[in-house]
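Chemist: what's the 3D shape of this:
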Amino acid sequence: MDTSMLRPMQSSPEFQAALHAVSASVQAIAFVTEHPLGRVPCIKSDGSPVTAGDVAAQAAAAIVLRRELGLAGVVGEESPTSLEGPDAEAMRAVASAAVTRAVGGFDGDPLEALAWKAPADARAGFWTLDPIDGTKGYRSSRHYAVCLAHVDAQGVSHGVLGLPTLVGEFDLSKIGEPPGVLIAATRGGGSWVHDPATLAPLRRVQRGPMHGALRLLNSVEPGGRTARAEAVVESLGRPWETIAVDSQLKYALIALGIGDCIVRVPGSVPRAEHGWDHAAGVLIAVEAGAVASDADGRALDFTLGQDLTANEGIIVCDPSVHRALVDGVRSQRSAARR
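Modeler: Take a look at the predicted model:
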């Protein structure tokens, strides 16, 4: 047995900074939720909800990355205009106070970090962040994730998921309290559960052989996307079941062997997926032994910018079912065109 595979690769300053950044984001969210306005949403121009927790998490991560790496900015979902409406000023005050506590002080308004943007240039390398993936889950006291990844010319090199409500025994029926679980990966270095207090690696995450019913990780809220995924899995003609959960927690569950597949079938009007919605989770799942591709079986290309413009749909799964899922998606899309 190669015992070196049981130990993490030597950690780089970039990877340590990523762990620190996600840890600070999780702390900032915890501080925000102490306030009555913590989970109150504003609705952005694209119709998506945003909370003081979202902006606090992004600002905290950006500040840590600038302090530790001299980073100019991140490719992130939030901006200085994310919070709007009658409660916006009060929500900004709540977020600002939370960030200051989480990063150990800041000279000025810490929410200025929301304006620290960087181009999604893989040749130079960039960091992409979803500060709260699953905002609806966060608002409803369900599971959500803080997601940070680094992308270079070869693809995703580092990925960190902060899972503030996941308990140590990975029981999805329980909603825990921050800091929860921290899981991270480096390209070629495997996926590891880290101690959320010390950030030290605790154990390697590796998928074992798949047994029993195929476990589809699908969204909590029903809709066209969830129905399409279920139809593909049903077409395989084997026993299957659904685990309903939102956010990139899905990818962590694939890595941990708690789920077996994620299937995102493009709709009638395909749109490019945002890199920040998948990059960290995909690396963690793949480094734990899963396979990732788009709906046509092609490799996911995170190097082209903010969005996965060369891909349609996403399949991340146990290697034993990948080909069947790609074929199932192809058949479903072909039938829909008739």
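
Chemist: quick one, helices of this structure?
Modeler: Along the chain, counting by DSSP state H, helices occupy 13-32, 52-69, 88-102, 135-139, 224-235, 249-256, 279-287, 322-337.

Chemist: pLDDT on the second one, on average?
Modeler: Confidence over helix 52-69 (mean pLDDT, whole number) is 98.

Chemist: name the helices or strands packed onto it?
Modeler: Using 3 or more CB pairs under 8 Å, 6 or more residues apart in numbering; DSSP states H and E as the contact criterion, the elements in contact with helix 52-69 are helix 13-32, strand 75-76, helix 88-102, strand 126-133, strand 145-152. Every C-beta, even on glycine, is put in place using the N, C-alpha and C of the backbone.

Chemist: mind putting those in TSV, mean neighbour count included?
Modeler: As requested, the helices and strands packed on helix 52-69 are arranged in TSV below (neighbours: other CB atoms under 10 Å):
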stretch	mean neighbour count
helix 13-32	24
strand 75-76	24
helix 88-102	21
strand 126-133	28
strand 145-152	29
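
Chemist: wait, which of the helices of the chain is closest to Glu312?
Modeler: Proximity to Glu312 (CB to CB) singles out helix 322-337 among the helices of the chain, at 9.1 Å.

Chemist: any idea of the angle the closest one forms with helix 224-235?
Modeler: Helix 322-337 and helix 224-235 are oriented at 120 degrees to each other (axes from the mean of the first three to the mean of the last three CA atoms, to 10 degrees).

Chemist: send the alpha carbons of helix 322-337 over as PDB?
Modeler: Taking Å, rounded to 0.1, in the frame of the first residue of the first chain, the C-alpha atoms of helix 322-337 are listed here in PDB:
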ATOM      1  CA  HIS A 322     -21.200   8.000 -16.600                       C
ATOM      2  CA  ARG A 323     -21.600   6.600 -20.100                       C
ATOM      3  CA  ALA A 324     -25.200   5.500 -19.400                       C
ATOM      4  CA  LEU A 325     -26.100   9.000 -18.100                       C
ATOM      5  CA  VAL A 326     -24.600  10.700 -21.200                       C
ATOM      6  CA  ASP A 327     -26.600   8.400 -23.400                       C
ATOM      7  CA  GLY A 328     -29.700   9.000 -21.400                       C
ATOM      8  CA  VAL A 329     -29.300  12.800 -21.700                       C
ATOM      9  CA  ARG A 330     -28.700  12.500 -25.400                       C
ATOM     10  CA  SER A 331     -31.900  10.400 -25.900                       C
ATOM     11  CA  GLN A 332     -33.900  12.800 -23.900                       C
ATOM     12  CA  ARG A 333     -32.700  15.900 -25.800                       C
ATOM     13  CA  SER A 334     -33.200  14.100 -29.100                       C
ATOM     14  CA  ALA A 335     -36.800  13.200 -28.200                       C
ATOM     15  CA  ALA A 336     -37.500  16.800 -27.100                       C
ATOM     16  CA  ARG A 337     -36.500  18.100 -30.500                       C
END
